[in-house]
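S.K.: Just to be clear, the model below is a prediction. Sequence and coordinates:
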Amino acid sequence: MFEFFKEGLLQFLSYSGFGNCTWGHIIMICIGLVFIALGIIKEYEPLLLVPIGFGIIIGNIPFTDGLQVGVYENGAVLNYLYFGVVKGFYPPLIFLGIGAMTDFSALISNPKLILIGAAAQFGIFAAYITALLLGFSPMEAGAIGIIGGADGPTAIFISSKLAPSMMGAIAVSAYSYMALVPVIQPPIMRALTTPQERLIRMRPPRAVSHREKVLFPMMCILLTAFLVPTGLPLLGMLFFGNLLKESGVTKRLANTASGPLVDIVTILIGLTVGCSTQATNFLRPASVLIFVLGAFSFVIATASGVLFVKFFNLFLKGDNKINPLIGNAGVSAVPDAARVSLVEGQKYDRTNFLLMHAMGPNVAGVIGIAVAAGILLSFLY
């Protein structure tokens, strides 16, 4: 009888997490707890970091193979939920919600701000070239480079096409830098600007008519999609969502896209991306290098936006000049990057409100990264 219970207990332990636990699982669970702490205590993108952090914990509960509980096991519930990440249909739904939430008025009133969003995409191609030099394949380098745009859904969409095996590291890296925008960007902005430049006051944006707001998404989809048809899943959903918002006759659809739909997809994408970071697949030297290259890409993107504004100001006069503190907003982290512009500007002049101006390059960055993603897919996929 004793031997029977002993064998039963040993068999139970062999199936339990305690019997299959490794140091890798413990490290990843600690990382998940850090993500949750940053989201709750520091309030760094809690809607992203809390689901991802909890997903990391779920994905690193040790188990024996064949139980159909892991995200990579066929027939597992998590595997079915992860299907939307692998096949890339969660990101377009996120872009639909972003479009339904975004007001392009700042960009429409000052179209030259779109150039800042374009300049910030230089970080993507700088990281792409660097990744190639470090030995990554062209497709892997393209997926890594997109991290610089600070756009998690686009990073997932691109990596699902170009480097599925690296998707977990790329997605977690992209979302991490999105959350750390208020930490990473200010030192770069201060280092690249002078006290005089930080005090520049920009002309108030003009009022934008309803007709302009309705025509903008239709003109943009025609221009960008004809230019890079491979970006159609992201660009099409972005501008469709914006048309739902601005048309004035589809409020129910716009509210659904910007509310319940985007919330549900955010939960699913965050949780399943977190689950994909199983220690056996995630804790590799390549993952660490991806994080480093992602940081490099993001720093270059921020610096490119700021430096472009300084260069552009050489050709502008009077109140047409642009405050270079909004150059950081060329990345796709909406609206956090624009909020950083406001906070930094008010440190030097409490009456200088840069938020609306910064929203111009910020939403341009959303368009820019979708176009950049389309360009990468055109050449590499």
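M.R.: Sure, I can see it.
S.K.: Residues in contact with stretch 137-144: which ones?
M.R.: 127-129, 131-132, 136, 155, 158-159, 161-163, 166-167, 170, 290, 293-294, 297, 376, 379-381 (Cβ atoms under 8 Å, 6 or more residues apart in numbering). Where C-beta positions appear, they are placed from N, C-alpha and C, glycine not excepted.
S.K.: by contact count, what packs against the helix or strand hosting Thr154?
M.R.: Per DSSP states H and E, Thr154 falls inside helix 152-162. Judged by 3 or more Cβ pairs under 8 Å, 6 or more residues apart in numbering; DSSP states H and E, the packing partners of helix 152-162 are helix 77-86, helix 90-101, helix 138-145, helix 167-179, helix 232-246, helix 262-275, helix 355-380.
S.K.: What average pLDDT does the first one get?
M.R.: To tie it back to what came earlier, the one meant is helix 77-86. The pLDDT scores in helix 77-86 average 89.
S.K.: Kindly report the same for the fourth one.
M.R.: What helix 167-179 shows for mean pLDDT is 85.
S.K.: Could you point out the helix or strand that follows it?
M.R.: Going down the chain from helix 167-179, the next helix or strand is helix 181-192, by DSSP H and E.
S.K.: Go through that following helix and flag the buried ones.
M.R.: Using 16 or more other Cβ atoms under 10 Å as the test for burial, helix 181-192 gives Val181, Pro182, Ile184, Gln185, Pro186, Ile188, Met189, Arg190, Leu192.
S.K.: Just want the angle from that helix to helix 167-179.
M.R.: 60 degrees (axes from the mean of the first three to the mean of the last three Cα atoms, to 10 degrees).
S.K.: Any stretches of the stretch 1-150 of the chain with poor pLDDT?
M.R.: 1-17, 19, 66-67 (pLDDT under 70).
S.K.: and the longest helix that the chain contains, how far out from the chain's middle?
M.R.: Ranked by residue count and defined by DSSP state H, the top helix of the chain is helix 285-312. Taking the mean of its C-alpha atoms, helix 285-312 sits 14 Å from the chain's own mean (Cα atoms, centre = their mean, to the nearest Å).
S.K.: What lies in contact with the helix holding Thr154?
M.R.: Residues contacting helix 152-162 (Cβ under 8 Å, 6+ apart): 48, 85-88, 90-92, 94-95, 139-140, 142-143, 146-147, 149, 166-167, 170-171, 173-175, 178, 233-234, 269, 273, 332, 369-370, 373, 376-377, 380-381.
S.K.: Out of these, which end up buried?
M.R.: 48, 85-86, 88, 90-92, 94-95, 139-140, 142-143, 146-147, 149, 166-167, 170-171, 173-175, 178, 233-234, 269, 273, 332, 369-370, 373, 376-377, 380.
S.K.: which ones are touching the spatially most central residue of the chain?
M.R.: Geometric centre of the chain, nearest residue: Asp151, 1.8 Å, by Cα atoms, centre = their mean. Asp151 sits next to Ala174, Met178, Val331, Ser332, Ala333, Val366, Ile369 when contact means Cβ under 8 Å, 6+ apart.
S.K.: Select, from these, the two members most distant in space.
M.R.: Ala174 and Val366 (13.9 Å; Cβ to Cβ).
S.K.: Give me the residues contacting the helix or strand encompassing Ile114.
M.R.: Secondary structure from DSSP H and E places Ile114 in helix 114-120. Here helix 114-120 makes contact (Cβ under 8 Å, 6+ apart) with 107, 149, 301-302, 304-305, 307-309, 312, 322, 326-327, 329-331, 360-368.
S.K.: need the contact list for the residue nearest to Gly99 when sequence neighbours are not counted.
M.R.: Of all residues not flanking Gly99 in the chain, Gly241 sits nearest, at 2.6 Å (Cβ to Cβ, 6 or more residues apart in numbering). Listed by Cβ under 8 Å, 6+ apart, the contact partners of Gly241 are Phe95, Leu96, Gly97, Ile98, Gly99, Ala100, Met101, Thr102, Ala254, Ala257, Ser258.
S.K.: What helices and strands are in contact with the helix or strand containing Ile108?
M.R.: Following DSSP H and E, one finds Ile108 within helix 105-109. Packing partners of helix 105-109 (3+ Cβ pairs under 8 Å, 6+ apart): helix 210-227, helix 355-380.
S.K.: Just put these in CSV and tack on distance to Lys42 and mean pLDDT.
M.R.: Output for the helices and strands packed on helix 105-109, formatted as CSV (distance: least, Cβ to Cβ, whole Å; pLDDT from 0 to 100):
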stretch, distance to Lys42, mean pLDDT
helix 210-227, 35, 94
helix 355-380, 21, 91
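S.K.: and those as TSV, adding distance to Gln346?
M.R.: Output for the helices and strands packed on helix 105-109, formatted as TSV (distance: least, Cβ to Cβ, whole Å):
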stretch	distance to Gln346
helix 210-227	28
helix 355-380	10
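S.K.: Please identify the deepest-packed of these.
M.R.: helix 355-380 (a mean of 25; mean count of other Cβ atoms under 10 Å).
S.K.: Output the contacting helices and strands for that helix.
M.R.: Secondary-structure packing of helix 355-380 (3+ Cβ pairs under 8 Å, 6+ apart): helix 105-109, helix 114-120, helix 122-133, helix 138-145, helix 152-162, helix 210-227, helix 232-246, helix 336-348.
S.K.: Tell me which of these sits nearest to Met356.
M.R.: Comparing those by Cβ to Cβ, helix 105-109 comes nearest, at 5.3 Å.
S.K.: ok, and what's touching that closest one?
M.R.: Counting by Cβ under 8 Å, 6+ apart, 113-114, 205-208, 212-213, 216, 356-361, 363-364 sit against helix 105-109.
S.K.: so who does Val306 touch?
M.R.: Here Val306 is in contact with Ile188, Met189, Leu192, Thr193, Pro324, Leu325, Gly327, Asn328 (criterion: Cβ under 8 Å, 6+ apart).
S.K.: now do 7 Å
M.R.: Ile188, Met189, Leu192, Thr193, Pro324, Gly327, Asn328 (Cβ atoms under 7 Å, 6 or more residues apart in numbering).
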